[in-house]
Structures are given as structure tokens and as C-alpha cells.
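# model this:
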Amino acid sequence: MSRLTISMPDQMNEWVEAQVSEGRYGNVSEYFRDLVRRDQEQREGAINALRDMLAQAEASGVSERAMPDILEAARREARLKGLLRDEN
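Numbering: from 1, shown residues only. Below you'll find the predicted structure:
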């Protein structure tokens, strides 16, 4: 097993220690291993979701709409979701 040394602000260290003290984790190493596992799962989930979206897009076929119409529809949807400001 590898060993890793990290530095962090006191406030973060206090948070980690509190998680251990409250019984959520047996020790600091367990806490960080859990964080890494969650990050791995989240990234794998995002990659799988992207793969699914790409497969759905490919399966939907070729659009008969012109590129400017597709872009405008995408911008409109992004604005509705708050992902794009009105000036774009």
C-alpha cells in the first residue's frame, strides 16, 4: 500500500478530524479513501452518461434542420437551464 502526505488548511483538517471523531470513519485514511472512491464513481458515472448521450444521438439519425437552427435551439435550451447568459 502506498503512503501519501498532504497539506491542508487548519479548518479543513478540523473538518476531517470531526468526521472521524463523530464515528463516520475509523481514521483519517478511511476518510480520504472514501473521497477518492466517490470521485472515481462520479467520474465513471459522468463518462457513462456521456457515452449514453452519444449513443442516443447517433441512434437518432441525421437531423433535417440547418446548423444555425440547431445552434439556436441549443442556446435557447441552455438559457432556460441557466447555463448561458442572454448576450450569447
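# how close does R3 sit to E77?
R3 sits 48 Å away from E77, going by C-beta to C-beta, to the nearest Å. Glycine gets a C-beta too; all of them are placed from N, C-alpha and C.
# Pick out whichever of those two has more residues nearby.
It is E77, of R3 and E77, that has more neighbours when counted by other C-beta atoms under 10 Å, with 11 against 5.
# neighbours around D10, how many?
Residues lying near D10 (other C-beta under 10 Å) number 7.
# swap in A59?
When neighbours are defined as other C-beta under 10 Å, A59 has 7 of them.
# Now do the helices in this structure.
Taking DSSP state H as the test, the helices found in the chain are 10-21, 28-59, 67-80.
# Around R65, how many other residues sit close by?
R65 is flanked by 11 other residues according to other C-beta under 10 Å.
# send the alpha carbons of stretch 67-83 over as CSV?
Coordinates of the C-alpha atoms in stretch 67-83 are reproduced here as CSV (Å, rounded to 0.1, in the frame of the first residue of the first chain):
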residue,chain,number,x,y,z
MET,A,67,-26.9,24.1,-38.3
PRO,A,68,-28.0,27.7,-37.4
ASP,A,69,-31.4,26.3,-36.3
ILE,A,70,-29.8,23.5,-34.2
LEU,A,71,-27.4,26.0,-32.6
GLU,A,72,-30.2,28.5,-31.8
ALA,A,73,-32.3,25.7,-30.2
ALA,A,74,-29.3,24.6,-28.1
ARG,A,75,-28.7,28.2,-27.0
ARG,A,76,-32.4,28.6,-26.1
GLU,A,77,-32.4,25.4,-24.0
ALA,A,78,-29.1,26.5,-22.3
ARG,A,79,-30.6,29.9,-21.4
LEU,A,80,-33.7,28.2,-19.9
LYS,A,81,-31.5,26.0,-17.8
GLY,A,82,-29.4,29.0,-16.7
LEU,A,83,-26.3,27.7,-18.4
